[in-house]
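A.B. asks: Sequence and predicted structure, then a few things I'm wondering about:
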Amino acid sequence: MQTLYDVGGGELAARIEAWGEPAYRARQVREWAYRRFARSYDEMTNVPAGLQARLAEGLPFPRLTTLREVKSDDGLTRKRLFRLEDGQLVEAVLMLYDPRGDARGRATVCVSSQAGCAMGCVFCATGQAGFERNLSTGEIIAQVTAVARAQLDAGAQPLTNVVFMGMGEPLANLPAVWPAVQTLNAPDAVGMAARHITISTVGLIQGIRRLADEPLQVGLAVSLHAPDEALRERLIPTAHRYPLPAIIDACRDYVAKTGRRVTFEYCLMDGVNDGLQQARGLAALLEGMLCHVNLIPVNPTPDGRIGRPPRSRTLAFQRELAARRVACTVRVEKGVEISAACGQLRVEAAPRALLDAAPRDETATQPRVGDLPAMRPSPLIQP
Ligand code: SAH
Ligand code: SF4
């Protein structure tokens with residue numbers, strides 16, 4: 001069923017007018033929903049009770065239940081596990097950057113765009129658990145408003161940024177993701193600047209090209225993880241559909257069209273993709289492009305097959321890139337102890353929480369990922 005968060009301002013006004021109410025009620029409703037993060041129509045005290053009831057029936061709020069919330073030791077990373085109406089579990093992470101402790105830093109919420117993911121990345125808990133379904137626009141926005149409301153109630157830092165780096169591949173669900181971005185950006189809704197919204201993709205070329213043509217210019221992050229096709233396909237089993245040269249071409253066109261730099265994410269995995277030769281390969285691939293590389297020391301997988309490189313190796317990789325004039329930073333590790341990497345909390349919680357989930361639609365046609373490709377064992381952990 002369509003929810004309030006699934007409709008834009010125009011459609012909401014049209015519905016309200018069709019019920020014989022003035023269109024300005026839509027503005028009031030959106031202000032309550034997206035500025036004060038109301039959880040129900042009852043809270044909208046300047047909206048007549050009759051209209052509240054009609055809205056509650058025709059366009060209810062999405063039902064999203066917080067099952068667990070875990071905080072990192074320093075309190076700056078907070079992860080929530082949500083249960084959707086049909087029992088699916090998704091995660092959102094709030095990351096606070098507040099070095100001065102005066103609550104005037106950045107507050108970034110990282111949201112999920114799908115329940116599960118069909119891409120099958122071998123280092124990613126979400127990828128390993130497989131694909132369940134796309135999230136709706138409403139379910140995406142609801143993650144943001146739930147976190148925003150909690151911040152508001154606590155008198156804490158309001159949200160400043162949204163990143164689509166949670167579970168799922170956002171460019172594989174653009175028909176739901178894009179309207180969510182529009183609501184986050186709309187001045188009569190959340191009103192977040194487009195440059196404060198970032199979409200991260202494993203490299204869906206058509207999607208990257210679409211973003212380049214959009215007047216609303218959100219940030220683009222592309223997960224590379226390897227400088228060559230063969231290694232990339234071992235880490236991302238579905239990567240053959242999006243060959244590396246074509247991804248880089250699309251990114252170069254994106255920069256030319258938008259004048260914006262692209263962020264490349266590169267998860268560093270011990271003995272797998274963290275060699276100096278690979279750093280040189282990466283620098284050659286990106287030569288001359290307006291871009292920034294984000295090096296992410298991997299959160300180890302539970303099976304122990306993929307580990308985090310020693311700090312010295314990470315820094316050597318970074319130096320090699322910097323020497324070739326590739327802008328790069330090592331991502332500050334946030335929330336490792338609370339399983340903050342993509343999908344990890346859901347994996348821990350799944351056995352219990354899935355018990356009361358609705359039966360799965362086995363006819364879903366999204367491709368499922370095959371068996372794990374063989375990984376080269378890390379030379380550093382060999383006997
Ligand atoms: N599907 C999109 C966006 C969601 S994943 C994408 O892949 O870009 C967001 C980020 O989480 C990606 O850069 C991914 O590489 C990273 N990630 C996944 N598993 C991880 C792990 N075990 N440790 C560190 N980062 C991880
Ligand atoms: Fe999907 Fe991104 Fe995880 Fe890969 S890293 S499986 S694309 S969510």
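C.D. replies: Nice, I can see it. Ligands and ions are numbered 1, 2, ... in the order given.
A.B. asks: Now stretch 15-24: buried residues?
C.D. replies: 15-16, 21 (16 or more other CB atoms under 10 Å). All C-beta atoms are positioned from the backbone trio N, CA, C, and that covers glycine.
A.B. asks: ok, Tyr34 touching Val190?
C.D. replies: Yes: in this structure, Tyr34 is within contact of Val190 by CB atoms under 8 Å, at 4.7 Å.
A.B. asks: Spell out which residues are contacts of both of these two.
C.D. replies: Residues touching both Tyr34 and Val190 (CB atoms under 8 Å, 6 or more residues apart in numbering) are Thr183.
A.B. asks: coming back round to it: looking at the buried residues of stretch 15-24, which is nearest ligand 1?
C.D. replies: Arg15 (33.2 Å; CB to the nearest ligand atom).
A.B. asks: check contacts around that closest one.
C.D. replies: 7, 58-59.
A.B. asks: Now do the longest helix along the chain: distance to the chain's middle.
C.D. replies: Looking across the chain with DSSP state H, the single longest helix is helix 137-153. The chain centroid and the centroid of helix 137-153 are separated by 14 Å, computed with CA atoms, centre = their mean, to the nearest Å.
A.B. asks: Quick check: neighbours of the helix or strand just after it in the sheet, parallel or antiparallel?
C.D. replies: Per DSSP states H and E, helix 137-153 leads on to strand 161-164 as the next helix or strand towards the C-terminus. Strand 161-164 sits in its sheet next to strand 106-110 (parallel), strand 197-201 (parallel), going by DSSP bridges.
A.B. asks: re earlier: by how many degrees do the longest helix of the chain and strand 106-110 diverge?
C.D. replies: 150 degrees (axes from the mean of the first three to the mean of the last three CA atoms, to 10 degrees).
A.B. asks: residues making contact with helix 137-153?
C.D. replies: 2-6, 33-34, 36-37, 39, 61-62, 64, 66, 80, 82, 84, 90, 92, 94, 107, 109, 111-113, 157-159, 162, 166, 176-177, 179-180, 183-184, 190.
A.B. asks: so how far is ligand 1 from the closest residue to ligand 2 within the stretch 101-250 of the chain?
C.D. replies: Closest to ligand 2 within the stretch 101-250 of the chain is Gly127: 2.5 Å, counting by CB to the nearest ligand atom. Noted for Gly127: a distance of 7 Å to ligand 1, by CB to the nearest ligand atom, to the nearest Å.
A.B. asks: How many residues are close by that residue?
C.D. replies: Residues near Gly127, counting by other CB atoms under 10 Å, number 26.
A.B. asks: Report pLDDT for it.
C.D. replies: Looking at Gly127, its pLDDT reads 93.
A.B. asks: That one contacts Cys117, doesn't it?
C.D. replies: Yes: look at Gly127 against Cys117 with CB under 8 Å: they come within range, at 5.1 Å.
A.B. asks: quick one, what contacts the residue lying closest to Asn273 once chain neighbours are set aside?
C.D. replies: Residue nearest to Asn273 in three dimensions, not counting chain neighbours: Ala226, with 5.3 Å by CB to CB, 6 or more residues apart in numbering. Contact analysis of Ala226 by CB under 8 Å, 6+ apart lists 232, 234-235, 244, 273, 278.
A.B. asks: Where does Ala226 sit: helix, strand or coil?
C.D. replies: The three-state assignment at Ala226 reads coil, by DSSP: H, G, I helix; E, B strand; the rest coil.
A.B. asks: pLDDT score for it?
C.D. replies: Here the pLDDT value assigned to Ala226 is 98.
A.B. asks: Could you do Gly75 as well?
C.D. replies: Value listed for Gly75 in the pLDDT field: 87.
A.B. asks: Contact partners for it?
C.D. replies: Leu96 are the contacts of Gly75 under CB under 8 Å, 6+ apart.
A.B. asks: now it: how far from Val109?
C.D. replies: Here Gly75 is placed at a distance of 16 Å from Val109 (CB to CB, to the nearest Å).
A.B. asks: thinking again about what came up before, Serialize the strands paired with strand 161-164 to TSV and add fields for distance to ligand 1.
C.D. replies: Below are the strands paired with strand 161-164 laid out as TSV (distance: least, CB to the nearest ligand atom, whole Å):
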stretch	distance to ligand 1
strand 106-110	8
strand 197-201	4
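A.B. asks: Pick the most deeply packed of these.
C.D. replies: Across the strands paired with strand 161-164, averaging neighbours per residue (mean count of other CB atoms under 10 Å) puts strand 197-201 on top, at a mean of 22.
A.B. asks: following that one, which helix or strand comes up?
C.D. replies: In N-to-C order, the element after strand 197-201 by DSSP H and E is helix 205-213.
A.B. asks: Whichever helix or strand comes after that next one and ligand 1, are they touching?
C.D. replies: Using DSSP H and E, the helix or strand that follows helix 205-213 in sequence is strand 219-223. Yes: shown here: strand 219-223 in contact with ligand 1 (CB under 6 Å from any ligand atom) through Ser223.
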